[in-house]
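# sequence first, predicted coordinates after that:
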Amino acid sequence: SFHSHMRAISDAAPGATYSRAPTKKYGRAWSKQYEYLRENNFEGDDKYLQASACILDIERAMIVLETNADLAAFLQALPDRLSEVGMSVARVKNRFSLPNEEAAQAYNYRDILINVLVDGKAIVELQVTTRDFFELRKLMHAHYNV
């Protein structure tokens, strides 16, 4: 499965810690479907299907790397490690490269979101960041949950 393979890839990487995120709940997926519907102006009988196809993070995991060097080495090795288990990178969203103004809107949190194609059938999300940004994220979520 995606999670067992990601755990094994993480366990083999220096400075890496793996965590499985909960499967996105139906209500949140439904809400995201409507966000995509509005943002993209999908039309036709299959507009809800088109919007649903934009949701790429129903299944998620996170790998936290101790240092920037660990992060760089992990990212360089990842495509080959995925290929070994029948997976591939479908898309990368590098939020380390955000302009400072955009990053400031998210408390300067940075990560890399990698959509992974699993067995040619499903796309899931792998979030990759460093320990420092992970600690910042925990503070952000504590604030958000209050």
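Structure received.

# from residue 44, how far out is the residue nearest to residue 96 when sequence neighbours are not counted?
Spatially, and ignoring its direct neighbours in sequence, residue 96 is nearest to residue 110 (4.6 Å; C-beta to C-beta, 6 or more residues apart in numbering). (C-beta placed from N, C-alpha, C; glycine too.) Distance, residue 110 to residue 44, by C-beta to C-beta, to the nearest Å: 38 Å.

# do residue 82 as well
Taking C-beta to C-beta, one finds residue 82 at 34 Å from residue 44.

# so between these two, which is more surrounded?
residue 82 (20 against 8; other C-beta atoms under 10 Å).

# so who does the nearest residue to the more buried one once chain neighbours are set aside touch?
With sequence-adjacent residues excluded and distances taken as C-beta to C-beta, 6+ apart, residue 82 is closest to residue 88, at 5.7 Å. Shown in contact with residue 88 (C-beta atoms under 8 Å, 6 or more residues apart in numbering): 79, 82, 116-117.

# would you turn these into TSV with distance to residue 29?
What follows is the contacts of residue 88, written out as TSV (distance: C-beta to C-beta, whole Å):
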residue	distance to residue 29
79	28
82	24
116	18
117	19
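
# which of these fall within helices?
Secondary structure assignment by DSSP state H places 79, 82 of those in helices.

# ok, which pair from the contacts of residue 88 is furthest apart?
For these, the farthest-apart pair by C-beta to C-beta is 79 and 117; their separation is 11.5 Å.

# what is in contact with the two at once?
What both residue 79 and residue 117 touch, as defined by C-beta under 8 Å, 6+ apart, is the set 88-89.

# which of these two has more neighbours?
residue 117 (16 against 13).

# how far away is that one from residue 135?
Residue 117 is 31 Å from residue 135, where distance means C-beta to C-beta.
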